[in-house]
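Chemist: any chance you could fold what I've pasted below:
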Amino acid sequence: MDYSRKDHELPLATAMWGWKYHHTGIPVKDPFPGEVHIPHLGIYVSGFKESPYGIEFMRFEPHCKVHELVQTVPHVAFVVDNLEEALPGKELLGEVNSPSPGLKVAMIVHNGAPVELMEFSK
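Modeler: Below you'll find the predicted structure:
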C-alpha cells in the first residue's frame, strides 16, 4: 500500500486503523526511582504513571528474553482493539506475551524501529 501523508494528517495507524497512542518506551541502563520489576520478562519499568506524555523508561536484566532491538531502540506503543487482527502482515519480534493481567502485547518492527501493540481485556 502506498501511503503518503501531509504534515497535518495523522498516521495511518490512528487515522484509518483506529489504533490509539499509549506510550513511548525508552531503554535505559541505570535504575530509576520507583521502577517496577516484571520478573517473568526480566525488565524494570518506571515513569509511566507520572508522565503526562506517556513516557516509560525500561531497564533490562541480562537474562531478559525481550528482543535486542526493543532493548536498544525506543519504541512507540498503540492500543488495538484486537491484537490477532492487527498482526497479519507485520514482522513480529518475539512472541505475544502478557506483562500484566488483562493485557496482551506484541512487538513488531517497522523500518528497523520497534512498535508495541497492546490489547486490554474488555
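Chemist: can you give me the strands in the chain?
Modeler: Here the chain has its strands, by DSSP state E, at 20-28, 36-38, 43-46, 55-60, 75-79, 91-92, 103-110, 113-120.
Chemist: neighbouring strands of the shortest one in the sheet, and parallel or not?
Modeler: This means strand 91-92. strand 103-110 (antiparallel) (DSSP bridges).
Chemist: and the angle for the partner strand with strand 75-79?
Modeler: Angle, strand 103-110 to strand 75-79, by axes from the mean of the first three to the mean of the last three CA atoms, to 10 degrees: 130 degrees.
Chemist: mind exporting the C-alpha coordinates of strand 103-110 to PDB?
Modeler: C-alpha atoms of strand 103-110 as PDB (Å, rounded to 0.1, in the frame of the first residue of the first chain):
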ATOM      1  CA  LEU A 103      -3.000  -7.200  28.900                       C
ATOM      2  CA  LYS A 104      -1.600  -8.900  25.800                       C
ATOM      3  CA  VAL A 105       1.300  -7.300  23.800                       C
ATOM      4  CA  ALA A 106       3.200  -7.900  20.700                       C
ATOM      5  CA  MET A 107       6.300  -6.200  19.500                       C
ATOM      6  CA  ILE A 108       6.600  -5.600  15.700                       C
ATOM      7  CA  VAL A 109       9.200  -3.900  13.600                       C
ATOM      8  CA  HIS A 110       8.700  -1.200  11.000                       C
END
